[in-house]
Each structure stands twice: as C-alpha cells, then as structure tokens.
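**Student:** this one's sequence-less:
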C-alpha cells in the first residue's frame, strides 16, 4: 500500500528537470536520475562539457545558453559552486517571472538560504547538500553511484513548500541517498568541522611538507602512505574550496582557532616532556576515533577496497 | 658474474637471526625472511605472541626469555618501540660479552645511534627504519609483503662495519625494499615532517571533531570520506607514537611551530577576506600535491585498490 501523499505533490517521472552545471556533482546526479525524470535537461557554461554529456547520453537534451534551459524546467537543480548559485538565484526572477521549483547542491547553505528567501513568492526553493565528493572534479570524474548510501542534507527556508520538498525527497530517494533536514546555520557549523577544517589541515600539511622537501628532496623517499592520505584533501578544487571558505568564514574561523589552541597545548606538553599528559591525549584520541568509526560505520576499523581505514 | 664482495661478508643464508619483538614489523619481517636466513629465532615478551608465531610457522624456533635467544644469534634485529631498543642496547654488553651484529627497526634514529655508539668494539651495529607501517599493530596485522617496494632507511654510526652493512643490505634486498643511507639526524628531521607531524595533525583533527560531535551528534552524518581519511593516523598505537614524539622532540616541535604559524597566516587571510591571497595559497598547495604525487608515485593522481588517492 502506498503511503498517502498530497494530490498536489509533483511526480519525479513527470518533471522537467534542468541540471545547471555538469561537473562531478551535476554529472553524477544526471547519471543517477537517468530514466527517472520526465525530462533531464543538461546545462553548462562549457560547450565541450555539454557535448560530452550528450555523447555519454546522461541527459535527454542540452540547451545553450543556460537561460534557455532554465525557462523550460519545472525543477532547476543548481550544481555549481556557491557564489555561482547565489548569482543565479538573483537572476531567476527575471529569467522565470512565472516562478519554478529550485534545489541546489551547494557546499555551504547560509548565504544560499538567504538568496532563496529573497526570491518572489511564485518560487519554491529548498537548499540541499549531498555529503559526498571526490577531490577530482569535472564530468569525467562523475560516477552513477556517487550519492549511493550517503547523507543528503536538506535545509528549509521561507520559500520552501511541501511541493518542492516532495520533489526533492523523491530525487534523494532515487539517487540512493538518505535525507536529513537541518537548519542552514547548523549545517554550516557542522561542515566547518567535518569538511572545511580537514581541508585546511590537509592543505597546510602539504605546504609544510613541500617546504621541507625544498630543503631535502629525500623527504619523499622517507614518506609513506601516512603523508599521502593525510594530504589527500589538498588536491580538492582550489576555486571551489575558496568559495566554501569565504561563504562559511565565521564557523570555519572558530574551528581553526580552537584547533590552533589544541595544537599549542600539545606542543607545550611535548616541550616540557610531560609524558603522562601526552599519553592521556593520544590514548583518548585513539579511542575517540574507534568510537567515531563505530558510530559512523558500525565497526572499529573498516576495510574499504581491501584497505584498512 | 657476481659482483665482487669482501670474503668476510656474512651470507644471510648462514646467519642465525634473532628478531626481538614479533609485532607488525617483526612479524612481517619474519614472514618476509622465512627460508632465506640460516635460522630465524622469534623473541617476544608476550608468551601468547611467541606461541602464535610458532603456530604460524613464521620462525624456526622461539626462545624464552628474550636473553636466551639473543645469546645464540649472529644478528639481532630489534623490532620493538624506540625506548625498548635503547634499553636493550644498554643491556647487550652483559648479555653478549663476545659481541654480535645488531640492526634495529626503530622509528627515530638519533637516540638509538648514540646507544649503538656506546656499545663495546666487538659489536657491529647499524640503524634501520623501513618506511612502511599500518595504523594497526601486533602480529595479527603482520603481512609478508609489508616491506615490498618501500624505502628502508639505514643510518651508520661509529659501530657500523662492512659486515653488518652487508648483512643488512642482503636482508633489505630479501624483503623487497630499497636501501637508502642517510645520517640519523637527517632521518629524524625528515620523518618529523613526513610522518610525525601528519600524526599530530590527524590526531588533533580527530579530537576537534569529537568535541564538536559532543555538541551535536549529527556531525557524523554530515561527515564523509574526507574526515575519515584525514584522521586515519589518529588510530596509530598511542604508546608507540608517544615514544616517537619524545625521542624526536626538537625536530617535531620545529615542524609543529612552523605549521602553527602557517595556520595563523591562513586564518588571518580568511579573517580579512583576502580572496587573492587565499586563492594563491590554495592553488599553490594543490599544484604542490600534484608535483609530490608525480615525484613519489610517478603520476598526478593515482589509483589504489580502485580508489583515487
């Protein structure tokens, strides 16, 4: 028996969905939605990406320029960097005086939420952030199962209606993600710690290792998987991360400051050779990581592709 | 035609080798040396580990206590944490008044080098450090190919002779590693950056995430592979890492201080919203990581077990 739903809820299978930006996220979304939407329209500033998307048959049609596709869509999905999303939201009232449904996949949600709330009443808008990614970007990095089993954060705002929420939930279910609603401000505080601070930490480690290697190239021979894995996020797209850092500045700064203080505390304990204090710190943290892996993945240490993580 | 070598060089196949400590490193070494040594004697403080090593047939025989095995060996390989190595080196003159060859696998080399130089003249000793590891320790984590294709650092000291060097080089070749000689002080400076700083950075990130999760458990749902991989080293054995930090205190403190300054610089640029300065930092670091992967692994981004790293 089907769960009852509002008669006005749109059916994914009848919606014309325009995906703006066919990079890693938009491209993977198109792959995962293929066949489930009424029509998938691919939009991208880059003509070669558009052509490639058609060649790969991951969209039903493409349109140029972007505005042409947006005018035809029931649901516009914005899969571009945060500042691009904000600019497009500002342009929407002129492009679509009749309004439409809007969902975005931006990495920070505060500024986007404010831009959505500034839309006229005929718009129905919801903020979204799928918690997945790879450090490589672009359509060539897109994969059909990028969202499979991952959390998809949804952030309501004053322009959110039951209809756009229903459409978004169908989309999230279709791509195999788990929806999780939370306020934009909470999202931004949490990702500052779970995602943006790790990027900062990894990048500064890469910079430090590079500086040291400049003095002695044997550093690379003396390095192993620890340096490689701990610096992985430093290969993220710099322009995307720059926008994320700037649009999530205050929560990220608070985390950087706390981290810096904790770094100073550990260095002080090491400087005074305080073995008991250091032992307590290191043992506590090792136990915390076990607990985190248990809570998040259901086990102390897990194997991914044959590799213990 | 065989490369000429000194008549006095020992042949691995005729040496009685005692491995002290059958954990991840010693256990993996025993597996990789199996059949290639004259005799492999397994030594460990833990009787259950000894029994397990015999069950697994990774050594020819075991001896208890450790001293009994050390008295029979031509070459003693110390595969225990750094402070244990130093203590055992201090006890060696009494245990082996006749002297013997000694190689160690300790993670820092300065203090061990000094302890080797304090041995009487009848000892022949060389410092070693295979650049590999896993965050899980113990015999159960040991694997036969742990050293395969990895760099094996060798640090000479005043007790190093051609004979112990030849024996060590045969051992290194047998387990599939590449030997690299460097002074102990250079080793310790390089690993402070390539190995110990990454551990500190990863551990503090884990501690920070845990503190934030204490305020809002949804942090784990909002986290993805970035947090998991950047904190991986925080699962290293705390006691082993404590000894490493304490015996490599000054080089590590210098790296932590430089890292802390670079963290402050990035935070300052973010605080004043200096977009050009931040862009330069992030783009430079992303290029540095590409260059590091090229220099170390021969390609910009590499696939390991199907996963882009």
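**Tutor:** Sure thing, it's come through. Predicted, not measured: the structure shown is a model, and the values here were computed from it. Residues are numbered from 1 along each chain as shown, chains lettered A, B, ... in the order given.
**Student:** the single nearest residue of the stretch 51-200 of chain A relative to chain B: how many residues sit nearby?
**Tutor:** Each residue of the stretch 51-200 of chain A has a distance to chain B, by Cβ to the nearest Cβ, and the smallest belongs to residue A:194, at 3.8 Å. C-betas here are computed from N, CA, C, even on glycine. Neighbour count for residue A:194, taken as other Cβ atoms under 10 Å in any protein chain shown: 24.
**Student:** leaving out sequence neighbours, find the closest residue to it.
**Tutor:** In space, and not counting its chain neighbours, residue A:194 is closest to residue B:223: 3.8 Å by Cβ to Cβ, 6 or more residues apart in numbering or on different chains.
**Student:** confirm for me that the one you found is in contact with residue A:150.
**Tutor:** No. Contact between residue B:223 and residue A:150 fails when scored by Cβ atoms under 8 Å: they sit 10.5 Å apart.
**Student:** so which of these two has more stuff around it?
**Tutor:** Set residue B:223 next to residue A:150 and count neighbours by other Cβ under 10 Å: residue B:223 wins out with 23 against 19.
**Student:** how about that one, secondary structure?
**Tutor:** Secondary structure assignment for residue B:223 (DSSP: H, G, I helix; E, B strand; the rest coil): coil.
**Student:** tell me how far it lies from residue A:180.
**Tutor:** Between residue B:223 and residue A:180 the distance is 12 Å, computed by Cβ to Cβ, to the nearest Å.
**Student:** that older thread, can you classify the residue of the stretch 51-200 of chain A closest to chain B by secondary structure?
**Tutor:** helix.
**Student:** picking up where we left off before, find residues that contact each of residue B:223 and residue A:150.
**Tutor:** residue A:131 (Cβ atoms under 8 Å, 6 or more residues apart in numbering or on different chains).
**Student:** for the stretch 151-300 of chain A, which segments are assigned as strands?
**Tutor:** Taking DSSP state E, counting those that start in this stretch as the test, the strands found in the stretch 151-300 of chain A are A:151-155, A:178-181.
**Student:** ok, longest strand in chain A?
**Tutor:** Looking across chain A with DSSP state E, the single longest strand is strand A:124-130.
**Student:** quick one: contacts of that one?
**Tutor:** A:25, A:89, A:99-107, A:109, A:112-113, A:116, A:119, A:146-147, A:150-157, A:159-161, A:163-165, A:168, A:172, A:175, A:177, A:184, A:187, A:191.
**Student:** between strand A:151-155 and it, find me the angle.
**Tutor:** 150 degrees (axes from the mean of the first three to the mean of the last three Cα atoms, to 10 degrees).
**Student:** what pairs with strand A:124-130, parallel or antiparallel?
**Tutor:** Note on strand A:124-130: by DSSP bridges, its sheet partners are strand A:101-104 (parallel), strand A:151-155 (antiparallel).
**Student:** which one of those strands is the most hemmed in?
**Tutor:** Per-stretch averages of neighbours, counted by mean count of other Cβ atoms under 10 Å in any protein chain shown, single out strand A:101-104 among these, with a mean of 27.
**Student:** the helix or strand following that one and chain B in contact?
**Tutor:** Following strand A:101-104 in sequence order, the next helix or strand is helix A:110-117 (DSSP states H and E). No. Helix A:110-117 lies out of reach of chain B by Cβ under 8 Å from any Cβ of the partner chain, never closer than 13.3 Å.
**Student:** which helices and strands sit right next to helix A:110-117?
**Tutor:** helix A:82-95, strand A:124-130, helix A:184-191 (3 or more Cβ pairs under 8 Å, 6 or more residues apart in numbering or on different chains; DSSP states H and E).
**Student:** mean confidence for that helix?
**Tutor:** Averaging pLDDT along helix A:110-117 gives 97.
**Student:** how about stretch A:23-33?
**Tutor:** Rounded mean pLDDT across stretch A:23-33 is 96.
**Student:** for it, which outside residues touch it?
**Tutor:** Counting by Cβ under 8 Å, 6+ apart, A:17, A:19-20, A:22, A:40, A:42, A:44, A:49, A:53, A:58-59, A:77, A:79-80, A:105, A:130, A:133-134, A:136-139, A:141-148, A:171, A:174-176 sit against stretch A:23-33.
**Student:** picking that back up, the strands paired with strand A:124-130 into a markdown table, with extra columns for mean pLDDT?
**Tutor:** Converted to a markdown table, the strands paired with strand A:124-130 look like this (pLDDT from 0 to 100):
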| stretch | mean pLDDT |
| --- | --- |
| strand A:101-104 | 98 |
| strand A:151-155 | 97 |
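**Student:** for residue B:237, find the nearest of the ones you listed.
**Tutor:** In this view, the strands paired with strand A:124-130 are compared for proximity to residue B:237 by Cβ to Cβ, and strand A:151-155 is the closest at 31.3 Å.
**Student:** list the contacts of the closest one.
**Tutor:** Against strand A:151-155 from outside (Cβ under 8 Å, 6+ apart): A:109, A:113, A:126-131, A:165, A:168-169, A:172, A:175, A:177-184, A:187, B:221-222.
**Student:** can you tell me which of these are buried?
**Tutor:** Among the contacts of strand A:151-155, the ones that count as buried by 16 or more other Cβ atoms under 10 Å in any protein chain shown are A:109, A:113, A:126-131, A:165, A:168-169, A:172, A:175, A:177, A:180, A:182, A:184, A:187, B:221-222.
**Student:** so which residue is dead centre in chain A?
**Tutor:** residue A:107 (4.4 Å; Cα atoms, centre = their mean).
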